[in-house]
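[1] Requesting a structural model of the entry that follows:
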Amino acid sequence: MPLLLNADLGEGAGGIDLDVDAAVMPHIHQANIACGFHAGDQMSMLKTLQLAGRHGVMIGAHPGYRDLEGFGRRSMAHTPEEIAALLHYQIAALDGMARSMGLTLAYVKPHGALYNDMMKDAQLRRAVMEAVASFYQPLHLMIQATPEAEAHRREAAALGVPLWLEAFADRCYDDSGLLVPRSCSGAVLSREQTLAQVASLVETGEIIAAGGLRLPLAADTLCVHGDNPESIRVIRELRQLVS
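    Numbering: from 1, shown residues only. Here you go, the predicted model:
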């Protein structure tokens, strides 16, 4: 199955500043829509859902920690019960809006620190999986593709949660298969490096980590970022690569 392209969208407020989202949407398969806790609000959710519906793009909830000031990039301690409430609140909001428009929510992709934390903390990862499993309708869960992908698939399958494993087009990986922190030099790849990394993933199923190690990554979907006109050009090139 060809790699899908996904992007984090709806992260403005008031339904304004949607020019970037409108430019990205025609070139992706999956839209991860912010649900108001790390970014976005009811109007950005509405406008982004309208864009996704117009272009036939799959809709995903993109919930994060309640951290507007830090854009959801700060880790926060929560019990499993709190994680379930945190996720259900945000997912249900987007699902309700989608249903009112005749659209269907397909999956959940945690945002920012929550996404990164769950890849390092088995208890948190299970809490997220259990929260998705206990939502009233079946949903896929999108998590990072790592060399432990099959173990993660088994873990999720035991709870009845299908996974979509995600690789990152423009991010550098460390030798353990996790993302190099944005605070480190070289964490975000250039256009040429991005295209080379995705070409390697498509052709060989491997990427070259920061330390030179060849890492196998069994990915289903590829995260892309469209922050400026140059990045939109890269997304169009990536769409051709994965088609």
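
[2] who touches stretch 113-123?
    Defining contact as Cβ atoms under 8 Å, 6 or more residues apart in numbering, one finds that stretch 113-123 is touched by 63-65, 67, 72-76, 80, 109-110, 124-125, 128, 143-144, 146, 178-179. Backbone N, C-alpha and C define where each C-beta goes, glycine included.

[3] residue at max distance from the center of the protein?
    Going by Cα atoms, centre = their mean, the residue of the chain most distant from its centre is G212, 25.6 Å out.

[4] On the pLDDT front, check it for me.
    Per-residue pLDDT puts G212 at 91.

[5] Please apply the same query to the one 5 residues further on.
    In this prediction, L217 carries a pLDDT score of 92.

[6] And L165, how far from V20?
    26 Å (Cβ to Cβ, to the nearest Å).

[7] ugh, wrong one, V180
    Separation of V180 from V20 (Cβ to Cβ): 24 Å.

[8] With F135 instead?
    Counting by Cβ to Cβ - F135 and V20 are separated by 29 Å.

[9] So what's the model's average confidence on the lengthiest helix in the chain?
    Determined from DSSP state H, the single longest helix within the chain is helix 80-100. For helix 80-100, mean pLDDT is 99.

[10] can you check stretch 22-38 too?
    Mean pLDDT, stretch 22-38: 97.

[11] how many neighbours does A151 have?
    10 (other Cβ atoms under 10 Å).

[12] And it, which helix or strand is it part of?
    A151 is part of helix 149-157 when elements are defined by DSSP states H and E.
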